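A.B. asks: Turn this into a structure:
(2 chains)
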Amino acid sequence: GEDVEQSLFLSVREGDSSVINCTYTDSSSTYLYWYKQEPGAGLQLLTYIFSNMDMKQDQRLTVLLNKKDKHLSLRIADTQTGDSAIYFCALQGGSGGSYIPTFGRGTSLIVHP
Amino acid sequence: GAGVSQSPSNKVTEKGKDVELRCDPISGHTALYWYRQSLGQGLEFLIYFQGNSAPDKSGLPSDRFSAERTGGSVSTLTIQRTQQEDSAVYLCASSSFVSPEAFFGQGTRLTVV
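C.D. replies: Residues are numbered from 1 along each chain as shown, chains lettered A, B, ... in the order given. Below is the predicted model of the structure:
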């Protein structure tokens, strides 16, 4: 099955850019997502990219997809303390056309003043 | 409804008791997913419902776990003879046929004592 890997922690200073990385094994995934989870809350869809795209920008968020290296990243510009949360990478629509999203373990982003 | 609704938000139960967790998906969404999130872990897929098709139960960890979806809408996840290792946050998500991104509820935090 699909394997999705993320580093567990990232610490940045307020105002800097944050880059959260994700690697995966199933190159046939069609949809690639980034979700945000704040303490005690469910997952909130932040943005997504189709596998036929290389980049997507949405305000402070930039998603980059490197299909050759099976690498997905989320860049948050001008990171704020309110961005502190767990960020999950998720893939869907891979081998066999599975529509069950597979999630990484999540990256805890800590933003300090 | 406006979003995915889960109840209860918190549940404390004694080891050996049965529990039922409820999920009310977004109106009109045909797909419904259950995931489990243990402390420090990613999202573990449990079960997937799509319309009137037979559910994908491949993620259920044991025969103590079962789920049903009545009328293509509300779903109930049942855990029989709960064990301490069942303690986790149980997350429900739904998606539409047209757009596959999953929208999550706030989760049910289950504590087995």
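A.B. asks: can we go C-alpha only for contacts and neighbour counts from here?
C.D. replies: Will do.
A.B. asks: helix/strand/coil for the closest residue to A:V19 other than its chain neighbours?
C.D. replies: Spatial nearest neighbour of A:V19, excluding adjacent residues (Cα to Cα, 6 or more residues apart in numbering or on different chains): A:R75 at 4.4 Å. Here A:R75 is recorded as strand under DSSP: H, G, I helix; E, B strand; the rest coil.
A.B. asks: With A:L65 instead?
C.D. replies: A:L65 ends up strand, using three-state DSSP.
A.B. asks: pLDDT weak spots in chain A?
C.D. replies: A:1, A:94-98 (pLDDT under 70).
A.B. asks: okay, and for chain B, where does confidence drop off?
C.D. replies: By pLDDT under 70, the weakly predicted segments of chain B are B:1.
A.B. asks: Kindly recompute the last result at 90.
C.D. replies: Residues of chain B that meet the criterion pLDDT under 90 lie in B:1-2, B:39-42, B:51-53, B:70-72, B:96-101.
A.B. asks: for the closest residue to chain A within chain B, what are its contacts?
C.D. replies: Here chain B gets closest to chain A at one residue, B:G42, 3.6 Å apart by Cα to the nearest Cα. Neighbouring residues of B:G42 by Cα atoms under 8 Å, 6 or more residues apart in numbering or on different chains: A:F103, A:G104, A:R105, A:G106.
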